[in-house]
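> Fold the following.
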Amino acid sequence: MYAFIQFYNSSVGKKLLVGLTGLLLISYLVIHLFGNLLIFRNDAGRAFDEYAEILPQVVVIRVIEVGLFLIFLFHIITAAYTWLVNKQAAGKQYKVWKKGQTSKLSSRTMLLSGSIVFIFLVIHMQQFWYTSRYEAGEHFSMYEVVRATLSEPVYGIFYLIAMFLLGFHLRHGFQSAFQTFGLRDKKFTPIIELVGAIFWLLIPLAFASMPFYFLLNF
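Model (predicted):
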């Protein structure tokens, strides 16, 4: 335990843990996306409702959900702690950004984009996850919940903004993780950037297509 605390308190340790937990969360996004794409089937939401009904009944899924929640919480706390330590160590250079500095906009706004995405996820989980797990009853249609929620202009637009920021956050986070792991060199950089584009561009776009679909059709 003491060894882990020492590792956690080190600069490299925190970066490695943020990168590792971030990649685990990205993996979950891919799985989550495939399930959600069932809403596009032309079956009045039947396939999506069956999918949503099965998930809460599988014990392994419930255990994984708890694990994901803990990973997500650990990722946020560690990332925020790392940002705070770096800011205190850097002093005034973090207060005023100068033209000659090399840090990218995505790097400087990681905490902000991550915080907004976190707020979105809290609302999102209350709207969908909590509803499907604790409010669902007989003849309950999660498809109708999704349709009604995402066809609301305010929530739909907020969802689109959150997906844009998620992509922004993932773009820097994905590349930073591999740099921390020591794999970002000239040999692997093109592959990392190509794979990274799938995660930070295509996945948020796929999620964003859902509110677009309901806003335009309902």
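
> List the contacts of the residue nearest to residue 46 when sequence neighbours are not counted.
Setting aside the residues directly before and after it, residue 46 is nearest to residue 143 in space (CB to CB, 6 or more residues apart in numbering), at 7.9 Å. Heads up, the C-betas are built off the backbone N, CA and C, glycines and all. Shown in contact with residue 143 (CB atoms under 8 Å, 6 or more residues apart in numbering): 39, 44, 45, 46, 48, 49, 52.

> Which helix or which strand is home to residue 143?
Assigned by DSSP states H and E, residue 143 belongs to helix 142-150.

> can you pull the buried residues of that helix?
Across helix 142-150, burial judged by 16 or more other CB atoms under 10 Å covers 142, 143, 145, 146, 147, 149, 150.

> now those as TSV including pLDDT and distance to residue 117?
Output for the buried residues of helix 142-150, formatted as TSV (pLDDT from 0 to 100; distance: CB to CB, whole Å):
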residue	pLDDT	distance to residue 117
142	90	22
143	93	25
145	91	21
146	92	19
147	93	23
149	93	18
150	93	17
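
> could you point out which element follows the worst-scoring helix or strand of the chain on mean pLDDT?
One helix or strand of the chain scores below all others by mean pLDDT, DSSP states H and E: helix 105-108, with a mean of 60. Using DSSP H and E, the helix or strand that follows helix 105-108 in sequence is helix 110-124.
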